[in-house]
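Trainee: Requesting a structural model of the entry that follows:
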Amino acid sequence: MQRDELVALVEKYFASVDGGDFEALRSTLTDECVFTVETHGIELKGVKPISGMFDRLWAEHKAVQHKDFTHVPDVDAGRIASRFTVVNTELNGDLTYKSNCNFFEVEGDRFSRVAVYMAGPNTLRDS
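Mentor: Modelled structure (predicted):
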């Protein structure tokens with residue numbers, strides 16, 4: 001993938017997360033994608049457990065927003081790092097702000113690995 005394609009894939013991933021659309025999100029992941037939350041010791045393998053994690057995220061928040069991106073693609077290695085701000089709207093309407101980084105590895109035209117480094121409490125629980 002070229003630089004613009006890597007950035008577009010990351011932006012599609014986050015638009016899908018923010019829109020609560022797992023089918024669109026799924027289209028960015030390989031079947032055996034490994035998803036880790038490095039700062040909280042979480043490792044999920046495959047689409048089904050990743051789907052459950054996002055279902056919990058969406059059920060536990062009124063809204064999720066990712067914005068203010070800085071992307072650092074490595075075309076030769078098939079990787080891209082993204083730093084961004086997260087704004088979670090809690091069920092009671094309170095806003096929670098986080099500064100996070102994700103590291104993505106690409107296989108073909110999808111992510112084979114997503115590694116999340118998250119500030120504050122873990123909102124991407126595995127159960």
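Trainee: What ranges does the protein have for its helices?
Mentor: Assigned helices in the chain, in chain order: 3-19, 22-26, 47-59 (criterion: DSSP state H).
Trainee: do you know how far residue 5 is from residue 66?
Mentor: From residue 5 across to residue 66, the span is 19 Å (Cβ to Cβ, to the nearest Å). Just so you know, the C-beta spots here come from the backbone N, C-alpha and C atoms, and that holds for glycine as well.
Trainee: more neighbours, the two?
Mentor: residue 66 (21 against 14; other Cβ atoms under 10 Å).
Trainee: what sits against the more buried one?
Mentor: Residues in contact with residue 66 (Cβ atoms under 8 Å, 6 or more residues apart in numbering) are 14, 17, 18, 84, 85, 86.
Trainee: Buried ones among those?
Mentor: Neighbour-count burial (16 or more other Cβ atoms under 10 Å) is assigned, among the contacts of residue 66, to 14, 17, 84, 86.
Trainee: As CSV, those residues with pLDDT would be great.
Mentor: Shown next, in CSV, are these (pLDDT from 0 to 100):
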residue, pLDDT
14, 98
17, 98
84, 98
86, 96
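Trainee: Tell me which two in the residues you listed are the farthest apart.
Mentor: Using Cβ to Cβ, the buried ones among the contacts of residue 66 span at most 10.9 Å, a distance reached by 17 and 84.
Trainee: Residue 64 pairs with what?
Mentor: With DSSP bridges as the criterion, residue 64 is bridged to residue 88.
Trainee: Next, count neighbours for it.
Mentor: As a burial measure, residue 64 scores 20 neighbours (other Cβ under 10 Å).
Trainee: now residue 34
Mentor: For residue 34, using other Cβ under 10 Å, the count is 17.
Trainee: That one and residue 43 touch, don't they?
Mentor: Yes: taking Cβ atoms under 8 Å as the definition, residue 34 is a contact partner of residue 43 at 6.8 Å.
Trainee: Mind listing the shared neighbours of these two?
Mentor: Residues within reach of residue 34 and of residue 43 at once, by Cβ under 8 Å, 6+ apart: there are none.
Trainee: Great, nothing more from me.
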